[in-house]
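**Student:** got a sequence here, can you model it:
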Amino acid sequence: MLTANEIRHSFKSFFEQKGHHIVPSAPMVVKDDPTLMFTNAGMNQFKDIILGNVPAQYKRVADSQKCLRVSGKHNDLEEVGHDTYHHTMFEMLGNWSFGDYFKKEAIAWAWEYLVEVLKLNPDNLYATVFEGSPEEGLNRDNEAASYWEQYLPQSHIINGNKHDNFWEMGDTGPCGPCSEIHIDLRSDAEKAQVSGRDLVNHDHPQVIEIWNLVFMQYNRKADGSLEGLPAKVIDTGMGFERLCMALQGKTSNYDTDVFQPIIKEVARIAGMVYGNDKQCDIAMRVVADHIRTIAFSITDGQLPGNAKAGYVIRRILRRAVRYGYTFLGQKQAFMYKLIPVLVSDMGEAYPELVSQQELIVKVIKEEEDSFLRTLETGMRLLDKTIAETRAAGQHQISGKDAFTLYDTFGFPLDLTELILREQQMTVDLPAFDAEMQQQKQRARNAAAVETGDWIVLHEGTTEFVGYDYTEYESRILRYRPITQKNRTLYQIVLDYTPFYAESGGQVGDTGVLVNEEETIEIADTRKENNLPVHITYTLPKHPEAPFMACVDTDKRAACAANHSATHLLDGALREVLGTHVEQKGSLVSSELLRFDFSHFQKMTDEEIRRVEHLVNAKIRADIPLTEYRNIPIEEARELGAIALFGEKYGDRVRVIQFGDSIEFCGGIHVAATGHIGMIKIVSESSVAAGVRRIEAYTGARAEEMFDLMQDTLRDLRALFNNAPDLLGAIHRYIDENAGLKKQLEEMAREKELQLKEKLIREIREVNGMKVICFCLPMPAESVKNIAFQLRGEITENLCFVGGCVDEHGKPTLTVMLSDNLVASGLKAGQLVKEAARLIQGGGGGQPHFATAGGKNPDGLRAAVDKVVELASHV
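**Tutor:** Numbers count the residues shown, from 1 in each chain. Down below sits the predicted model:
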């Protein structure tokens, strides 16, 4: 039986023999593509080739690609763990042809690999073909069907509808029919009862799609019409985990050697046996799937966070923790303990797991600990909501309360439902769903972007000349309108551009397109599918005219200084903290630089100062830039250039060197380090477990900061009468203030004692209760202190009602009851809630102690009397 590693190797070897260039997997986390957060298909790294933005270096390519899906055709995230074949992170085996072979070879080689190389039983295989779409003017894909007829009986060739058998990149762009290969893994007895043909594409767990052959031959325009692609593309994707299941004779992906080592470790940690309990088995599968996703995301540079891709990863991690917490009895962090097993299984194929194992463990453990604390907070809030709901005589908590727990505190709905069932209660699910839909709609409205068709003026691709020029004569190749938040902007593509498009952490250039007739402002420059697009507020009146493309050189120079300083900072951190330091993210703008790096503790002030001194020394040395442009990647590695994990490098790269600082980089840099001016680190903080963040200013911005510091120090000296020893004067002031504060506190305690003794002397009996009540101008905290002191001294029949107005005019009502009155049926919370209406407020608390705040101090006396009245009638 072939192992997972052997299967992966055999696929690459087969297509290498067919003349395909084997490329490494692109990172699972996508950078520099605003349309995509994660690689969700094998074709993602080839989008720019498919769209015609860049030429294909190789006509035939094959790989094994790390992918991540959390929504889509099968709503994958919610399916994961509950069935046998859905995953968040999965590997996609794929082969591509860019204008070379097409349907005939793709089908023939797929058959050869599955049947002749892997020895799968051809009787178990089915192929689907596009049935056509009359409304689109598309006929059945008879060409693909005719090729399949050479290998399969017609009963195993099935027509598929547009949903299943017409693949589209998006609302616009390349598309075409596809042919899916399905396999029937059921027993002979099951096959005799129901034909596999009748189960294809019907979500049967043993009749599944394993390979999709996409034949891209059309381009979808913004108006929905189709036009032919000039260069046809083959794009195939085979689910690696499903293939392993078929070859290893299993009926579940989770029973293969891809997942079993992790599942067995989960079972060992939980003290359970996989296969004994359905719900526990689901939980183990969820954890086994999700730990892979989280670990690979971290190695690709994406940490769990609160926005965009980081939020998705945090959501996946928390889903796994929740299953472990609820069904596996894991009340402490445990997922981080699975990493050694994952590294042992997949570290050979993906060495980044090995090199970053320590970071992965620390990040996951901190995230687990944090969410477990959140769960505890959610439990307390849910307990409070349950108590309030029951007190109101109801047995269903509102959907809004459940959504607040979910959205604000990260408390999962299914865990809320589980706890409520134990309490014989329910949640208003329609109301919860309504709240969820409103939130999703708000998010969609904020993110919605409408794009028009490209208006093509000239054919061609963009050549970037910005390393050498900040002004260059250009012409517009194509443009299109885009609409977001009811505002229309324009994307413009130039034949030659000096504008740097946002990537690698550096923001995009701004500037103008200018000629004798008009000036068009370039508000930003971004990459879309590796194509530099220039964002403008208006369209040129004569777009066919030539323009001078002019970069804002002041902003460019500031960005270049910050980018070069980032490289020097990276080297200085490695020298001061150790070679374990690796870049985990960066932002380079004209205002500041931000640098995230791996390090497991807060930097000391001394370490920060040493780093600053090292960088500033190199700035003063005015080290000239040495640029290696478009050199082979092996030559770059021989130079000792530092590469970043999570970045996809081609066969030829650019390297930036300032002395002993040598890094792969495509950004804009200064001609010599002296142009940076100086650097000043303004903050050092934690981003996640094992990841720190430095923010710094350079050049004029650093100068402005020093000016501000000097002005602040001058003003501070003036406040202390220009004392020669400013620090000593501040310490004396603080000590004097602390002494005076202590005296005030002692005076307040003395006043509280005097008031307490006076109140004891004025106790009055009401229906057997010892009633103490008053209205006075004083802090609410003092009233609370007196109430607890009296409760300790008067242990029976105490009914304390205190009304006070603080220095801001806010009224507060305080109620304290002795235990025996509580036992007789009195509830301080209910009393204060009723009386608080008289001060236009609300409140609550425990049965023996409660408070309420309000807006109307004039009603305070009446509120105090109301409490006494209510208490005396119980």
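
**Student:** in the chain, which residue is closest to the centre?
**Tutor:** Residue closest to the mean C-alpha point of the chain, counted by CA atoms, centre = their mean, is Gly310 at 1.7 Å.

**Student:** pLDDT (mean, whole number) over stretch 599-607?
**Tutor:** Computed over stretch 599-607, the mean pLDDT rounds to 94.

**Student:** buried residues, it. List them.
**Tutor:** Within stretch 599-607, the residues scored as buried using 16 or more other CB atoms under 10 Å are 599, 603, 607. C-betas here are computed from N, CA, C, even on glycine.

**Student:** buried residues, stretch 641-659. List them.
**Tutor:** 641-642, 644-647, 653-658.

**Student:** need the distance between the two termini of it.
**Tutor:** 12 Å (CA to CA, to the nearest Å).

**Student:** centre of the chain to that stretch, how far?
**Tutor:** 25 Å (CA atoms, centre = their mean, to the nearest Å).

**Student:** what about the helices in the stretch 351-500 of the chain?
**Tutor:** 352-355, 357-391, 399-409, 413-422, 429-447 (DSSP state H, counting those that start in this stretch).

**Student:** give me the neighbour count for Val682.
**Tutor:** Val682: 12 surrounding residues under other CB atoms under 10 Å.

**Student:** what does the one 5 residues further on give?
**Tutor:** The tally of other residues near Val687 (other CB under 10 Å) stands at 17.

**Student:** quick check: pLDDT value at it.
**Tutor:** For Val687, the model assigns a pLDDT of 87.

**Student:** just checking, it touches Leu303?
**Tutor:** Yes - Val687 is within contact range of Leu303, at 6.6 Å (criterion: CB atoms under 8 Å).

**Student:** now the common contact residues for those two.
**Tutor:** Lys584 (CB atoms under 8 Å, 6 or more residues apart in numbering).

**Student:** how about the buried residues of stretch 641-659 in TSV, adding distance to Val465?
**Tutor:** Converted to TSV, those look like this (distance: CB to CB, whole Å):
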residue	distance to Val465
Ala641	24
Ile642	27
Leu644	25
Phe645	30
Gly646	28
Glu647	23
Val653	19
Arg654	14
Val655	19
Ile656	18
Gln657	22
Phe658	23
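
**Student:** nearest to Ser818 among these?
**Tutor:** Gly646 (64.0 Å; CB to CB).

**Student:** beta partners of Ala549?
**Tutor:** Beta bridges link Ala549 to Tyr472, Leu513 when assigned by DSSP bridges.

**Student:** for Gly511, see how far away it is.
**Tutor:** 7 Å (CB to CB, to the nearest Å).

**Student:** next: Asp414.
**Tutor:** Per CB to CB, Asp414 is found 52 Å from Gly511.

**Student:** cool, Phe664 as well?
**Tutor:** The gap separating Phe664 from Gly511 is 27 Å, by CB to CB.

**Student:** low-confidence stretches in the stretch 1-150 of the chain?
**Tutor:** 32-35, 71-76 (pLDDT under 70).

**Student:** how about the strands in the stretch 551-700 of the chain?
**Tutor:** 583-588, 593-598, 626-632, 652-658, 661-664, 679-688, 691-698 (DSSP state E, counting those that start in this stretch).

**Student:** could I get the average pLDDT for the fifth one?
**Tutor:** Along strand 661-664, the predicted confidence averages to a pLDDT of 95.

**Student:** tell me the buried residues in it?
**Tutor:** Neighbour counts over strand 661-664 (16+ other CB under 10 Å) mark 661-664 as buried.

**Student:** of all the residues you listed, which comes closest to Asp141?
**Tutor:** Using CB to CB, Phe664 is the member of the buried residues of strand 661-664 that lies nearest Asp141, at 43.5 Å.

**Student:** next up, the contacts around that closest one.
**Tutor:** 636, 641-644, 647, 649, 653-655.

**Student:** quick one: least confident of the residues you listed?
**Tutor:** On pLDDT alone, Glu647 ranks lowest of these, at 71.

**Student:** unless I'm mixing things up, Arg318 is touching Phe409, no?
**Tutor:** No - contact between Arg318 and Phe409 fails when scored by CB under 8 Å: they sit 11.5 Å apart.

**Student:** what do Ala549 and Gly511 both touch?
**Tutor:** With CB under 8 Å, 6+ apart as the test, Ala549 and Gly511 both reach 499, 522.
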